[in-house]
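Engineer: give me a 3D structure for the following:
(one chain, ligands or ions: 2)
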Amino acid sequence: MRVGVGTPRQTRIPPLDLPRYGPGRLSGIRCIATQLQPGEPDTSALTAMAVQRLDALAVLTLTGTGFQRRGGGEAGYIDRAYIAQLEPHPTEANWNLSPPLTLENLTEPDFLEGVEALEAEWQRYSAAREVEIDRDRAVIVGVQTAEVSDVEFQNRLDEIARLVDTAGGVTLQTLSQKRQRLHPQTVIGAGKAEEVALAAQTVSANLIVFDRDLSPAQVRNLESRIGVRVVDRTEVILDIFAQRARTGAGKLQVELAQLEYNLPRLTGFGQAMSRLGGGIGTRGPGETQLETERRAVRRRINRLQQEVDRLQAHRSRLRDRRVDRDVPSIAIVGYTNAGKSTLLNALTESNIYAADQLFATLDPTTRRLSVLDPETEEYRSLVLTDTVGFIHELPPTLMDAFRATLEEVTEADALLHVVDLSHPAWERQIQSVTDILEEMPIATGPVLLAFNKIDRADGSTLEVARQQYPRAAFVSATENLGLATLRSRLLRLVESAIAVS
Ligand SMILES: Nc1nc2c(ncn2[C@@H]2O[C@H](COP(=O)(O)OP(=O)(O)OP(=O)(O)O)[C@@H](O)[C@H]2O)c(=O)[nH]1
Ligand SMILES: [Mg+2]
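Structural biologist: Ligands and ions are numbered 1, 2, ... in the order given. Predicted coordinates for the structure are as follows:
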């Protein structure tokens, strides 16, 4: 069907152009390659064989002295042949290589039978892996560009692994690459893409997760090279939000964010990927249906936008009623998993959901807090609102869709910014939260920084934070440390806010 001249990588067929491709399937192609050197086949040929899932690769090597060339001088002749095939249990090795064969040996075995047996074995193996791990089996790919330090890169990889786990997947392997700049078409280089494809085969992964955002075209190019579904960071975050959304408002905002994310990605390409075994997000319309589909999505987005507007108006009426009663409000903000909900529970003796998960909270919850004012010896009321956590590079579609929720933050009289001091990247997290607050359309009130989880932070970190942020509060929500001080600091915070406004 094809003659290729070049290196194994140059001549290989991308997975999605193969006649047969899918979990547990061989491609239906047998390849004969010549290698103009003696010795065993080059690994690049074997890698290409494995990535293309060839039925078999026969490598003919030229050696020795055989016959005379017409113009004189000796020429090599086909001396040894090798047969390489996929290893059906790829955790042990990706391929099996025969001992050197003569050309007579090479034609002896019954190929069809051997290939069928191999495919059956391979299929059994991938089916077994699916049963063994009944969650998405992910390979994480990280790309470290020049401006990202090693420590920060590691933090990003840890965070994406955490996100995959929260979304319900298992990370089977992590691969990374350092690059001066991203490859415009595929982010990673061609060699790395091959390595990812091979790794995906080895661990029997059904999902490749990138630690960054990808353009729709990059996703397409990567999928066609790797042959496994590729998702970017935003898609993982959206997936978590979709799983977490409980209330009508939450579901509405998540659906809007997902549609806005998907609109530019509606290309009909899903059909090609659905050959890889189907599943959620893999089915797509054909090109002809595409325009109709796009129009329908745009209509739905418009409708959801209107509903979010209504939600925004409703929330604002609720807040107005509260303002009438002259109760100052504080919104709790911070990086996801900082302990915002736990702190609100501890301060107000409530019982809202808090867990060691990213984005445990999606919908805002408001609780009243009474604080004894030491000067007047009177109780004063405040309302505290806990809301969705932030993350580094919060996807813009989410920012837009969650405007009704985020407005709780901009409309509050003051903010309590909670930081997890036991997290190695706490400084970076403060920066991310500050960046997001700055992007908000309306300026926020005064901010009190509260370092949480001081029971778990080490002494030197605590020292650094105290020096750098002398005006911050230091608390532990679970161990009840510093909460009395925090309560009176909150009172003073809203007093200053109201004095200003
Ligand atoms: N050791 C320790 N753990 C804490 C403290 N405060 C909260 N945690 C734990 O941190 C985890 C996250 O707490 P949450 O209150 O859900 O965090 P959150 O900021 O609301 O997170 P999201 O809603 O997911 O954005 C939970 O497992 C808490 O038990 C603390 O002071 N010390
Ligand atoms: Mg929470």
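Engineer: give the contact list for the closest residue to Arg298 other than its chain neighbours.
Structural biologist: Excluding the flanking residues, the one nearest Arg298 by CB to CB, 6 or more residues apart in numbering is Leu263, at 7.1 Å. (Each C-beta comes from the backbone N, C-alpha and C, glycine too.) When contacts are counted by CB atoms under 8 Å, 6 or more residues apart in numbering, Leu263 touches 294, 297-298, 301.
Engineer: closest to Glu147 out of the residues you listed?
Structural biologist: Ile301 (34.4 Å; CB to CB).
Engineer: so the closest one makes contact with Gln258?
Structural biologist: No: shown here, Ile301 and Gln258 do not form a contact pair, counting by CB atoms under 8 Å, at 10.1 Å.
Engineer: look at these two and report which has more neighbours.
Structural biologist: Neighbour count, other CB atoms under 10 Å: between Ile301 and Gln258, Gln258 has more, with 20 against 17.
Engineer: that one: which element?
Structural biologist: helix 248-262 (DSSP states H and E).
Engineer: distance check, the residue lying closest to Arg489 once chain neighbours are set aside against Pro396.
Structural biologist: Distances taken as CB to CB, 6+ apart put Ala473 closest to Arg489, at 5.4 Å, once the chain neighbours are dropped. Between Ala473 and Pro396 the computed distance is 32 Å (CB to CB, to the nearest Å).
Engineer: now swap in Pro15 and tell me
Structural biologist: Separation of Pro15 from Pro396 (CB to CB) stands at 32 Å.
Engineer: wait, what's in contact with the closest residue to ligand 1 within the chain?
Structural biologist: Closest residue of the chain to ligand 1, CB to the nearest ligand atom: Gly389 (2.4 Å). Counting by CB under 8 Å, 6+ apart, Gly389 touches 334-338, 340, 358-361.
Engineer: what are the buried residues along stretch 377-385?
Structural biologist: Using 16 or more other CB atoms under 10 Å as the test for burial, stretch 377-385 gives 380, 382-385.
Engineer: any idea how far the helix or strand containing Lys178 is from the chain center?
Structural biologist: Secondary structure from DSSP H and E places Lys178 in strand 169-179. Here strand 169-179 is found 10 Å from its chain centre; the criterion is CA atoms, centre = their mean, to the nearest Å.
Engineer: what does stretch 124-131 give?
Structural biologist: 24 Å.
Engineer: same question, stretch 118-128
Structural biologist: 28 Å.
Engineer: restrict that stretch to CA atoms and write it as CSV.
Structural biologist: Output in CSV follows, covering the C-alpha atoms of stretch 118-128 (Å, rounded to 0.1, in the frame of the first residue of the first chain):
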residue,chain,number,x,y,z
LEU,A,118,-1.1,-11.7,18.9
GLU,A,119,-4.0,-9.5,18.4
ALA,A,120,-6.2,-11.7,20.5
GLU,A,121,-3.6,-11.6,23.3
TRP,A,122,-3.2,-7.9,23.0
GLN,A,123,-7.0,-7.4,23.2
ARG,A,124,-7.2,-9.5,26.3
TYR,A,125,-4.5,-7.5,27.9
SER,A,126,-6.1,-4.1,27.3
ALA,A,127,-9.5,-5.4,28.3
ALA,A,128,-7.9,-6.6,31.5
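Engineer: what residues are up against Val494?
Structural biologist: Taking CB under 8 Å, 6+ apart, one finds 328-330, 382, 413-414 in contact with Val494.
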